[in-house]
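Enquirer: For reference, the sequence and a predicted model appear below.
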Amino acid sequence: MVGQTAGVLLLAALAFSIAWWLGLYLLARDPGKPVLRRAATGLTAYALALACDALGAQPAAWALLSVPALAWAGVVLALLPEDLPRRRAWERAWLGSAVASALAALALPGPARLVVLLPLAVATVALVRGGGRGRPRPPVGLLVVAALLFGLGLAALLVAAGMVPRWPVLAAIGLDLAVLGVVVARFDAFTEGEAFAGDMRRSASAAGAAALLFGGQVAAALALSDPAHRPLRWLLFAVLASAIAVAVLANPLQALLDRLAFPKAERLRRERADLREAAEALGRRADDGLATMDEVEFARLTRRALSNYGDLGKLVSSPLVNLPQIDLRLAERGAPDQPLERAAELKALLLESIVRLKPRDGEFGTSEEWRYYNALYFYYVAGVRPYRRGGRPTGLDPVARRAYDWFAREVPERTLHNWQNAAARLVAADLRNWQ
């Protein structure tokens, strides 16, 4: 009986560690992205639920196990095409059904609580259909993500309801979580034009080493004493959570320490943050050959670089920093060949290409020939954000203010998105002409 208890505890600790690490890793990649934020919410809630279940806190475990299925339904919707006409309606339907399902799950007994899987099932159907008739089916990788999310949500709820044996399910959960993390991270890395395998291995190695170093000591104490010792069991999961969090979230934790250590040195904090972000981004930079890259992929990378125009840390990870004209520009001004210097030159190249789209009759216009310049310059360079909820045109110069009013009144957000895609292709063609 003691051996069985120790085995279940070990499997639960392993599944917890994997889920906790993957959730924090996805969150650390970019907390501003809905797909990563929602996946991280589901994974960390899943991890906490597994810990509560292993520690005998079944009511808390059940409450937490309602979160992953609802969060992962939001992940599936976030994978829908950005230009999908009914996407916002799907999002509103998800929010409403998630709240209703969560309340129903708390009120219903036993297996009837599987109702929380309904929003996830509906979102999966929406993804499989591609959002409507006449639209292409989503890539197989996205369907794999949806299937994994649904399977994990179902497994979690079945474990909590006592409807399946724990040992094989816990082992399957660990395997599925590993596959899920790889697929979601790969999808995000592809979208950003980044490499992901090396960065993920580095994060997993750091988290695994920290978990073994600190959690292993508590596990050894449990094995040598009594695996049923409740305080030590709680301590095991607390130490694992803390050690993994410190390893994965080292960058934001260092930023917090900088605020405490250098409260009045804003410039110093910013420079240290830029260096940390550049170091983090270097592990994600893809070194694919630009000379042999097709036009579609080059345009996609250019579009992503434009989206990250104001963030040198993210530009460091762009393959476009290897453009040959950047080598020439660095040599011309005698600058060192360093990641931040390359990112700064890429930013300058993008700005020059955007400016070449500008018509010559004034500072701002609303005719058709102005739309591509307006879509890129005012949105990415001038920082005009007309669709942000509660946003105001404060701090903008008179020309940018005119652009703000025009976008807000006459240009739908989807139209701006289409203009930016078309303009990015023109910028990409301009950059390729140098090669």
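Expert: Looks like it arrived, so ask away.
Enquirer: contacting residues around stretch 222-239?
Expert: 2, 5-6, 9, 13, 16, 51, 54-56, 214-215, 217-219, 221 (C-beta atoms under 8 Å, 6 or more residues apart in numbering). To be clear about C-beta, it is placed using only N, CA and C from the backbone, and glycine gets the same treatment.
Enquirer: And the furthest pair within these?
Expert: Farthest pair in these (C-beta to C-beta) is Val2 and Phe214. Separation: 24.0 Å.
Enquirer: more neighbours, these two?
Expert: A side-by-side neighbour count of Val2 and Phe214, using other C-beta atoms under 10 Å, places Phe214 first with 18 against 10.
Enquirer: Excluding chain neighbours, what is closest to the more buried one?
Expert: Ala243 (4.3 Å; C-beta to C-beta, 6 or more residues apart in numbering).
Enquirer: May I have the residues that are in contact with that neighbour?
Expert: By C-beta under 8 Å, 6+ apart, the neighbours of Ala243 are 207, 210-211, 213-215.
Enquirer: Now, these that are in helices?
Expert: 207, 210 (DSSP state H).
Enquirer: Tell me the one of the contacts of Ala243 nearest Glu341?
Expert: Checking the contacts of Ala243 against Glu341 with C-beta to C-beta, the nearest one is Ala207 at 31.7 Å.
Enquirer: State the distance from that closest one to Pro31.
Expert: Using C-beta to C-beta, to the nearest Å, Ala207 is found at 18 Å from Pro31.
Enquirer: Report the buried residues of the host helix or strand of Ile18.
Expert: According to DSSP states H and E, Ile18 maps onto helix 2-29. Across helix 2-29, burial judged by 16 or more other C-beta atoms under 10 Å covers 6, 8-29.
Enquirer: How about stretch 367-387?
Expert: 370-382, 384-386.
Enquirer: now do stretch 215-231
Expert: Applying 16+ other C-beta under 10 Å to stretch 215-231 flags 215, 218-219, 222, 227 as buried.
Enquirer: residue contacts, Val182?
Expert: Per C-beta under 8 Å, 6+ apart, neighbours of Val182: Met200.
Enquirer: that's a helix at it, yeah?
Expert: Yes. Counting by DSSP: H, G, I helix; E, B strand; the rest coil, one finds Val182 located in a helix.
Enquirer: on that earlier part again, look up how far Leu235 lies from the residue nearest to Phe214.
Expert: 12 Å.
Enquirer: Kindly report the same for Asn374.
Expert: Asn374 is 58 Å from Leu235, by C-beta to C-beta.
Enquirer: can you check Leu253 too?
Expert: 22 Å.
Enquirer: more neighbours, those two?
Expert: Shown here are Leu253 and Leu235; by other C-beta under 10 Å, Leu235 has more neighbours (16 against 13).
Enquirer: Of all the residues in the strand or helix carrying that one, which ones are buried?
Expert: For Leu235, the host element (DSSP H and E) is helix 230-248. Judged by neighbour count using 16+ other C-beta under 10 Å, the buried positions of helix 230-248 are 233-237, 239-241, 243-245, 247-248.
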